[in-house]
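Student: just to be clear, the model below is a prediction. Sequence and coordinates:
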Amino acid sequence: MAQLSMRIDDGVKKRAEIACDALGLTMSTAINLYLVKLGNEMRIPFEVSVDPFYSAENQKVLARSIRQLEAGHGTEHELVEVDE
């Protein structure tokens with residue numbers, strides 16, 4: 001049996017531990033499940049995509065909007081809920 005060692009952000013590890021606990025799995029079992037599926041299917045077993053919210057361009061727009069609001073420009077409004 002091989003041993004795997006890796007570095008991971010503390011917050012990511014904590015959230016993964018919470019999820020594993022809720023599923024009744026150890027972290028080792030969850031990682032093994034992922035690696036088995038990866039090896040069997042020869043693909044990442046979930047969708048990997050970029051959320052446009054986190055793009056550099058959108059972050060600049062958000063930062064500019066925050067600065068404007070902090071400077072007293074703009075108006076507050078109610079959130080709009082969208083049915084999906």
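Tutor: Right, received. Where do you want to start?
Student: which residues in the protein form helices?
Tutor: Here the chain has its helices, by DSSP state H, at 10-23, 27-41, 56-70.
Student: mean neighbour count and distance to Val82 for these - can I get that in a markdown table?
Tutor: Every residue, glycine included, has its C-beta placed from N, CA and C. A markdown table is the format used below for the helices of the chain (neighbours: other C-beta atoms under 10 Å; distance: least, C-beta to C-beta, whole Å):
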| stretch | mean neighbour count | distance to Val82 |
| --- | --- | --- |
| helix 10-23 | 11 | 27 |
| helix 27-41 | 12 | 33 |
| helix 56-70 | 10 | 18 |
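Student: look up how far Met27 lies from the residue most central in space within the chain.
Tutor: Among the residues of the chain, Val12 comes closest to the average C-alpha position under C-alpha atoms, centre = their mean, at 8.8 Å. Distance of Val12 to Met27, given as C-beta to C-beta, to the nearest Å: 11 Å.
Student: can you read off the pLDDT for the residue nearest to the centre of the chain?
Tutor: pLDDT for Val12: 95.
Student: okay, now the unreliable bits of this structure?
Tutor: Within the chain, the segments meeting pLDDT under 70 span 84.
Student: rerun that using 80 as the cut-off
Tutor: 50, 74-77, 79, 83-84 (pLDDT under 80).
Student: what number of residues lie near Thr75?
Tutor: For Thr75, the neighbour count with other C-beta atoms under 10 Å is 5.
Student: cool, and Val50?
Tutor: 7.
Student: ok, it to Val61 distance?
Tutor: Relative to Val61, and taking C-beta to C-beta, Val50 is found at 16 Å.
Student: follow-up on the earlier one: distance of the residue nearest to the centre of the chain relative to Met6?
Tutor: Distance, Val12 to Met6, using C-beta to C-beta: 11 Å.
Student: contact partners for the residue nearest to the centre of the chain?
Tutor: Not one residue lies near Val12 by C-beta atoms under 8 Å, 6 or more residues apart in numbering.
Student: thanks again, I'm all set now.
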